[in-house]
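Peer 1: Quick one, what's the 3D model for this:
(chains A and B)
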Amino acid sequence: MKFEINANKHSIEANITIDSNELVIKTSENDLRFEAIQVQPGVYSVLMNNRSFVVGVCPSEANRLNVNGTPINLELLDAVHLHLRELGWDALKEVKAGLISAQIPGLVTKIFHAPGDEVKEGDPLFLIEAMKMENEIKSPVAGTVKKIGVAEGQTVEKGTNIIEIV
Amino acid sequence: MFKKILIANRGEIALRVMRTCREMGIEVVAVFSEADRTAPHVLFADEAYHIGPAPSTESYLNYAKILEVARESGAEAIHPGYGFLSENTDFASDVSKAGIVFIGPPASAIKIMGDKTMARQTMLKTQVPVVPGTEEPIADISKAQKVAEEIGFPVLIKAAGGGGGKGMRIVNSSDEFEDAVGKAERESQSAFGDGRVYVEKYLEEPHHIEFQILADTHGNTIHLNERECSIQRRYQKVIEESPSPFIDDSLRSKMGQAAVETAESCKYVGAGTVEFLVDKHRNFYFLEMNTRLQVEHPVTEMVTGIDLVAEQIRIAFGQPLSVKQSDINTTGHAIECRIYAEDASNDFAPSTGEIVMLQIPDGAGTRFDGAIRQGIEITPYYDPMLGKLICWAKDRDSALNRSERALREFYIGGIETTIQFCRSVVKHPIFREGTYDTHFYTNFRDELHADLADSTDEVLLVAGGSLFHHQNQIKHSSNSSDSTKKTRSNWVSAQLGRNA
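Peer 2: Numbering: from 1, shown residues only, chains lettered A, B, ... in the order given. So this is what the prediction gives:
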């Protein structure tokens, strides 16, 4: 699978394939093969050309990994993310708590709630289809649905307010 | 010897004191707040008493309650650790009045050294040099200007009512003086509600070097050499070492003498620390005396082989010191790195949360004084220091290499820590050369916060690792939470077994 890897000032395009414990990472300059084994939850022993590394992935901070004691802030973008970014979607970062708007232009295919519903943080709110890909938008906050601005089947522009949660 | 001691503290220092007590065959009593029911010091102790809600003002500072627990448990002495009640004159005297031994200096010594002006006036009666300056806050600007001219520019104008660099001005010449005093007064007024300022000699490229002293009730006072504490940020120490790479044997002996004289001037008893500022010309000046065990005491223990807590307890019991000045021989070099739950890259903002993953370094010459374990919650109620990594080796270079090695082994997941920051410091060429002073952090700030991982291989490796981990999670999602829980509880019971 194709990825863009952003970490500590590096931005690298790579193709990563995983077959059981074997990983192959291909970039324009590198062709790395290594073997990874989980030694305790979230801790992996990695051997790359007989060089030994320990990689830690902490469950509470998925984007902050640790290799041989050195932390690396990692952003791993797959093809879907890369495509969405081209369309002006920049993750959920811009979503203001409470007022959820469309971050991409598209077709609202499903709305999971009606006004008055209680939602928890992380509950799916609606589906938006863009470039034949369906995206599930989750609630960034817990609260009560106050208002729904669109109907299922409606096409929206980027920035259209969809749901308000108070 | 005492049979039972109450430790009026929490965290790493409570555990540190308890370890020595147990080695001496003394039973230990812990006190704990609501937030600390399962804290390491509670698990370690022979007895543990709940003393109040999480905020320290209602628990670890509630000394009436602590005294009550001491009586109830039958503890014969109280060790206050550092912080909390350790330098509280009222507590020290109330403990003694209750017929319990306070493991620390007499209340009178705490009182003298706890007050900046009183300490300075006491020191002026001795041969110990103090930083030249006005003895009282500035009342008359022209008189103050005369003092400044006598001292010689540059001078420092400092707030009388507070620290932290606020209300502070460096004045380079006589014609800037009046203006600078006005500015410093206004700044102090708004920061501390107290506009009083005083003048002090400005020391160039100063070092912060402190001497450990021990004094018993039989009239013996000795010093155990120095600790170099110039690696600080925001006036807080981060890394300490002994010996100092800056001073030689002749200066060491002079400063040691001065430290002993300082302790004698306030009739000190117990373990204490005399702090000095040393300028680039190697002139030294008394700064203050800390009337308690210091956070960084282990570096002294590592090079002298003396257990300072054991000495404190023996002194408090009325025994003479176990060593004479001529017995003090240091061996090798020790470096302490303080591990804080702080985000170094975000101006050292405190970081709270659960320690999800933990690997503590091990191996020769590697000591970790901490109070953490996997699964523990770091709360916002107390000091953010998680522990101290102290590395000892036969010489400074080896101790640096050992510190770097141990810091690389150190992994705390779930919260931000200063592990990486310490690693950047011990790798820094100026630190390695030993030519640093208290401006080190300000001078090299950007370099110290730069990312350590630069190789493309490492980045690709973690990307692969992350993806691999993600797949692994999905594969085992049905039973992963169970297995995590199982691992954790096994680990905790192993720890309990070790402590029992």
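Peer 1: per-domain residue ranges of the chain.
Peer 2: No chain was given, so I picked chain A. When chain A is parsed with automatic domain parsing, its domains come out as A:2-79, A:92-165.
Peer 1: nope, chain B
Peer 2: Domains of chain B are assigned by automatic domain parsing as B:4-103, B:132-201, B:207-448, B:457-499.
Peer 1: rank the domains of chain A by pLDDT, which is bottom?
Peer 2: Per-stretch mean pLDDT for those is lowest at domain A:92-165 (a mean of 81).
Peer 1: How far off centre is that one?
Peer 2: Distance, stretch centre to chain centre, for domain A:92-165: 17 Å (Cα atoms, centre = their mean, to the nearest Å).
Peer 1: is it possible to export the domains of chain B to TSV including mean pLDDT?
Peer 2: Converted to TSV, the domains of chain B look like this (pLDDT from 0 to 100):
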stretch	mean pLDDT
domain B:4-103	96
domain B:132-201	85
domain B:207-448	95
domain B:457-499	59
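Peer 1: Output these in CSV; the columns should cover mean neighbour count.
Peer 2: (Glycine included, C-beta is placed from N, CA and C.) Listed next are those as CSV, based on neighbours: other Cβ atoms under 10 Å in any protein chain shown:
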stretch, mean neighbour count
domain B:4-103, 20
domain B:132-201, 17
domain B:207-448, 20
domain B:457-499, 16
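Peer 1: can you tell me which strand in chain B is longest?
Peer 2: Ranked by residue count under DSSP state E, the longest strand found in chain B is strand B:221-233.
Peer 1: What helices and strands are in contact with it?
Peer 2: With contacts taken as 3 or more Cβ pairs under 8 Å, 6 or more residues apart in numbering or on different chains; DSSP states H and E, strand B:221-233 sits against strand B:207-215, strand B:236-242, helix B:249-265, helix B:297-304, helix B:440-448.
Peer 1: Okay, now the sheet partners of that strand, with direction.
Peer 2: Paired strands of strand B:221-233, with direction, are strand B:207-215 (antiparallel), strand B:236-242 (antiparallel) (DSSP bridges).
Peer 1: quick one: the helices in the stretch 301-450 of chain B?
Peer 2: Applying DSSP state H, counting those that start in this stretch to the stretch 301-450 of chain B gives helices spanning B:308-316, B:396-409, B:419-427, B:429-433, B:440-448.
Peer 1: Chain A too?
Peer 2: Listed in chain order, the helices of chain A (DSSP state H) span A:79-86.
Peer 1: From the centre of it, point out the most distant residue.
Peer 2: What lies farthest from the middle of chain A is residue A:50; by Cα atoms, centre = their mean that is 32.1 Å.
Peer 1: Pull up the gap between the residue nearest to residue B:428 when sequence neighbours are not counted and residue B:26, please.
Peer 2: If you skip the residues right next to it in sequence, residue B:428 has residue B:444 as its closest partner in space, 6.3 Å away by Cβ to Cβ, 6 or more residues apart in numbering or on different chains. Distance, residue B:444 to residue B:26, using Cβ to Cβ, to the nearest Å: 45 Å.
Peer 1: Next, count neighbours for residue A:85.
Peer 2: Residue A:85 has 13 neighbours, counted by other Cβ atoms under 10 Å in any protein chain shown.
Peer 1: who's in contact with it?
Peer 2: residue A:77 (Cβ atoms under 8 Å, 6 or more residues apart in numbering or on different chains).
Peer 1: Would you check how far apart it and residue B:475 are?
Peer 2: Residue A:85 is 28 Å from residue B:475, by Cβ to Cβ.
Peer 1: Name all residues that make contact with the residue nearest to residue A:34 when sequence neighbours are not counted.
Peer 2: Nearest residue to residue A:34, sequence neighbours excluded (Cβ to Cβ, 6+ apart): residue A:48, at 3.8 Å. Listed by Cβ under 8 Å, 6+ apart, the contact set of residue A:48 reads A:32-35, B:457, B:461.
Peer 1: same thing with residue B:251?
Peer 2: Shown in contact with residue B:251 (Cβ under 8 Å, 6+ apart): B:278, B:282, B:284.
Peer 1: Distance of residue B:176 relative to residue B:156?
Peer 2: Going from residue B:176 to residue B:156 by Cβ to Cβ gives 13 Å.
Peer 1: swap that for residue B:442, please
Peer 2: In this view, residue B:442 and residue B:156 are 16 Å apart by Cβ to Cβ.
Peer 1: One more: residue B:77?
Peer 2: To residue B:156, residue B:77 is 42 Å away according to Cβ to Cβ.
Peer 1: Then residue B:304?
Peer 2: Distance, residue B:304 to residue B:156, using Cβ to Cβ: 34 Å.
Peer 1: out of everything not next to it in sequence, what's closest to residue B:297?
Peer 2: In space, and not counting its chain neighbours, residue B:297 is closest to residue B:308: 5.1 Å by Cβ to Cβ, 6+ apart.
Peer 1: which residues does that neighbour contact?
Peer 2: Residues near residue B:308 by Cβ under 8 Å, 6+ apart: B:212, B:214, B:224, B:271, B:293, B:297, B:300-301.
Peer 1: just the residues you listed now: which is nearest residue B:84?
Peer 2: residue B:293 (12.2 Å; Cβ to Cβ).
Peer 1: so what's the spatially most central residue of chain B closest to, chain neighbours aside?
Peer 2: For chain B, the residue lying nearest the average C-alpha position, counting by Cα atoms, centre = their mean, turns out to be residue B:295 (3.1 Å). Nearest-residue entry for residue B:295: residue B:82, 6.1 Å, with adjacent residues in sequence omitted and distances by Cβ to Cβ, 6+ apart.
Peer 1: quick revisit: what's near enough to touch the residue nearest to the centre of chain B?
Peer 2: By Cβ under 8 Å, 6+ apart, the contact set of residue B:295 is B:13, B:82, B:237, B:338, B:385, B:388.
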